[in-house]
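> When you get a sec, could you give me coordinates for this:
(one chain, ligands or ions: 1)
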Amino acid sequence: MYDDYRCPKCYSHLRVGDNIILSAKNDKGQRGLILLHPELGNYEVITHPEFKYEKGEMISFYCPVCHHSLDSSKHKNLAKIVMIDSEGKDFDIYFSKVAGEQSTLKMIGEHVEIFGKHSENYLDFFTLSQNY
Ligand SMILES: [Zn+2]
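Coordinates of the predicted model:
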């Protein structure tokens, strides 16, 4: 199975090979590229050694193509990108902007699938409007 990832704004491809490539800015205003693993729940991150951030630091993510902010409207700690699965279905993927926090949430219609040990921190923001 090969999942693609796209910018929610310009719909450009964010996945190149086995990396999701995002532009990022740390708390100190330094900018760099961050490569995320395309498998949800895998928190391997690749950056240039000169682009540093501390655990707990808030990272801002941007599309590397159109430079639009990937901030989500769900929660200030979450960024959003679009995933296209091998059947062509698209899903909203939310992930934590806090360095070291392992939270990824995948919206499937009204349902939420969670990945990472800290994801339940945000579950309330996704289930408030649900009646079951
Ligand atoms: Zn874009």
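
> per-residue confidence for the residue nearest the centre of the chain?
The centre of the chain sits closest to F95, judged by C-alpha atoms, centre = their mean, with a distance of 3.8 Å. Model confidence at F95, given as pLDDT, is 97.

> Of all the residues in the helix or strand where L33 lies, which ones are buried?
Here L33 sits within strand 31-36, counting by DSSP states H and E. By neighbour count on 16 or more other C-beta atoms under 10 Å, the buried set for strand 31-36 is G32, I34, L35, L36. In this view, the C-beta of every residue, glycine as well, is placed from N, C-alpha and C.

> tell me the SS of the residue nearest to the centre of the chain?
Look at F95: counting by DSSP: H, G, I helix; E, B strand; the rest coil, its state is strand.

> I'd say it and T104 touch.
Yes - contact criterion C-beta atoms under 8 Å: F95 and T104 qualify, at 4.7 Å.

> Could you list the residues of the protein in contact with the ion?
Taking C-beta under 5 Å from the ion as the contact definition, the chain meets the ion at C7, K9, C10, S12, C63, V65, C66, H68.

> Which residue is the nearest non-sequential neighbour of H75?
Among residues not flanking H75 along the chain, F125 sits closest, at 5.0 Å (C-beta to C-beta, 6 or more residues apart in numbering).

> Does anything pack onto the strand or helix carrying the one you found? Which helices or strands?
Assessed by DSSP H and E, F125 sits inside helix 124-127. If you count contacts as 3 or more C-beta pairs under 8 Å, 6 or more residues apart in numbering; DSSP states H and E, helix 124-127 packs onto no helix or strand.

> Could you list the buried residues of it?
Residues of helix 124-127 classed as buried by neighbour count (16+ other C-beta under 10 Å): F125, F126.

> just stretch 90-105 next, same as before
Buried, per 16+ other C-beta under 10 Å, within stretch 90-105: 91-99, 101, 103-105.
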